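1. build me a structure from this.
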Amino acid sequence: MSGRRIFARPARFAAIAPYLWMVLFFLVPFAFVLKISLSQTAIAQPPYVPLFDLTAGWEALRAAFAALSPDNFKLLGSDDIYVFAYVRSLTVAVTATALLLLIGYPVAYGMARLPTRWQAVAMVLVIVPFWTSFLIRIYAWINILQHDGLLNQILLALHLVSQPVVWLSTDTAMYIGIVYSYLPFMILPLYATLAKMEPALEEAASDLGAPPWQVFWLVTFPLSLPGVGAGVLLCFIPIVGEFVIPDLLAGSNSLMIGQTLWLEFFTNKDWPVASAAAIVLLMVLLVPLLLYERVQKRQLEQGR
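-> Down below sits the predicted model:
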């Protein structure tokens, strides 16, 4: 038996494996959620109707399909609570992502310009927060931001404020928690892009008389756009559906869509509406992914 035949079957399986993964762990669960979103709430277990019972025969399945309705999606568009939750989630995600880019880009740029032996140390310092549980880190911020917490003690000791500042249950605390938690996701792709950039390109622009700010805007930043796009997506998409940080640091006065989903699933037991809200959220998050893919294709075509 030739070597090509020996390795043909494993190679085929390796090519099919990602598609099987997507079918089993994305498309199948998505189909279940989509079916529940088209159902109606009921006081039962599970709390929705109709149920697909394969043992009841084709007539029962036809009746179950006929009972499906898009009413839950209509409710999402007509109820201000859900509309406001989506708008607030997108607003928070855009604002937090912009802050992350403003903070993360200089850090990544500085890491990329360090001597090679110090770049690994800087990388470890960025990754160190992941060694601690995410929930523990958020609770640590609660202690820091509370009325008599470390932040207020420092501000009072420096005479920057005359009385303790209210941080908890505010948007400021939420943004602090989000930026702290997601900053490595912005820094790492930016650093990976900037570290591969040829310093000779910047030196050539400087030799041609370009000032430092022009070198950055016309050479460095355009070449780092793939890292910017990756970092923005890695931060923006999970922030839109963030639940823990807004719930613990911002309170429940104005809900994001993640908190709304939690309330519908576990408090109101309204699985169909919650499933419809999750489907709409997924559709919304597909937009930046498709835009990023289109931009990448356009850049590849221009490069050819």
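2. confidence score at Arg304?
-> For Arg304, the model assigns a pLDDT of 61.
3. quick one, what contacts the residue most central in space within the chain?
-> Nearest to the geometric centre of the chain sits Pro238, at 1.8 Å (C-alpha atoms, centre = their mean). Pro238 makes contact with Tyr182, according to C-beta atoms under 8 Å, 6 or more residues apart in numbering. To be clear about C-beta, it is placed using only N, CA and C from the backbone, and glycine gets the same treatment.
4. avg pLDDT for the helix or strand containing it?
-> Pro238 belongs to helix 225-240 when assigned by DSSP states H and E. For helix 225-240, mean pLDDT is 94.
5. check which residues of it are buried.
-> 226-240 (16 or more other C-beta atoms under 10 Å).
6. just stretch 61-78 next, same as before
-> For stretch 61-78, by 16+ other C-beta under 10 Å, it's 64, 72-73, 75-76.
7. for stretch 260-275, same thing?
-> 260-265, 270-275.
8. just stretch 272-291 next, same as before
-> Neighbour-count burial for stretch 272-291 [16+ other C-beta under 10 Å]: 272-281, 284-285, 288.
9. let me know the closest of those residues to Thr97.
-> Pro288 (10.0 Å; C-beta to C-beta).
10. and the closest one, how close does it get to Val92?
-> Distance, Pro288 to Val92, using C-beta to C-beta, to the nearest Å: 15 Å.
11. how many other residues sit next to Asp203?
-> Rather than Asp, residue 203 is Glu. Glu203 has 12 neighbouring residues, counting by other C-beta atoms under 10 Å.
12. my error: substitute Leu194 in the last question.
-> When counting by other C-beta under 10 Å, one arrives at 19 neighbours for Leu194.
13. which one is it nearest to, not counting chain neighbours?
-> Excluding the flanking residues, the one nearest Leu194 by C-beta to C-beta, 6 or more residues apart in numbering is Ala112, at 3.8 Å.
14. over to Leu201?
-> Val219 is the one closest to Leu201 (C-beta to C-beta, 6+ apart), at 5.5 Å.
15. ok, the one you found touching Ala205?
-> Yes - the pair Val219 and Ala205 passes the contact test of C-beta atoms under 8 Å, sitting 5.0 Å apart.
16. near Ile245, how many other residues are there?
-> There are 27 residues near Ile245, going by other C-beta under 10 Å.
17. immediately after the host helix or strand of it, which helix or strand?
-> Assigned by DSSP H and E, Ile245 falls within helix 244-245. Following helix 244-245 in sequence order, the next helix or strand is helix 257-262 (DSSP H and E).
18. contacts for stretch 276-292?
-> 30, 33-34, 37, 72-73, 75-76, 82, 86, 90, 229, 232-233, 236-237, 240-241, 257, 260-261, 264.
19. what distance do you get for Tyr182 to Leu20?
-> For Tyr182 relative to Leu20 (C-beta to C-beta), the value is 31 Å.
20. same check on Val273?
-> Applying C-beta to C-beta to Val273 and Leu20 gives a distance of 32 Å.
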